[in-house]
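[1] Generate a structure from the sequence data that follows.
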Amino acid sequence: MDPHGGCCNLMRPRVRRAANLLKGAQFVVERFGGRFPATAAELQEIPGVGPYTSAAVASIAFGEATAAVDGNVHRVMARLLTIPGATTERAFQAAVTAAAGELLDASRPGDWNQVRTRGGKESEVGARQCSAACASGLL
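    Numbering: from 1, shown residues only. Here you go, the predicted model:
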């Protein structure tokens, strides 16, 4: 019998996120002396912080000219620029990241990286506006 009224399975992801957040904070204290990292490279050293999150934080909070590339960016850029390959291939990801970096407005990188965001939610432009059927008519 679950003493929490059946909510334990619902709480596990939140508890895991909180534990990871604590680990990240401890890492920042140990590795950076409590100073929050300001570059994408430093941010990626924090356990659980990957390329997308590090680029987003570095560009929005610190103005670093680095492109935040997620699945939507992969889909849109691949179709618009006819970049071949599967989204899981390293060569494909490198090509999309390089292309996104070339398009980045270095004077306003945070704004550029937030262009897909509206009201705190992803606009899902890659999924909504750039399906394979729609893209086939463009290319």
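[2] use CA for all of it now, contacts and neighbours both
    OK.
[3] Near residue 37, how many other residues are there?
    19 (other C-alpha atoms under 10 Å).
[4] Look at the closest residue to it other than its chain neighbours and report its pLDDT.
    Excluding its sequence neighbours, the residue lying closest to residue 37 (C-alpha to C-alpha, 6 or more residues apart in numbering) is residue 43, at 5.6 Å. Reported pLDDT at residue 43 in the predicted model: 97.
[5] same question, residue 82
    Looking at residue 82, the pLDDT reads 90.
[6] One more: residue 118?
    Looking at residue 118, the pLDDT reads 45.
[7] on that earlier part again, the residue nearest to residue 37 is in contact with residue 32, isn't it?
    No: judged on C-alpha atoms under 8 Å, residue 43 makes no contact with residue 32 at a distance of 10.4 Å.
[8] These two - which one has more neighbours?
    The neighbour comparison of residue 43 against residue 32 (other C-alpha under 10 Å) goes to residue 43, with 21 against 12.
[9] Report the contact partners of the more buried one.
    37, 49, 54, 58 (C-alpha atoms under 8 Å, 6 or more residues apart in numbering).
[10] isn't the last one right up against residue 40?
    Yes: look at residue 58 against residue 40 with C-alpha under 8 Å: they come within range, at 5.3 Å.
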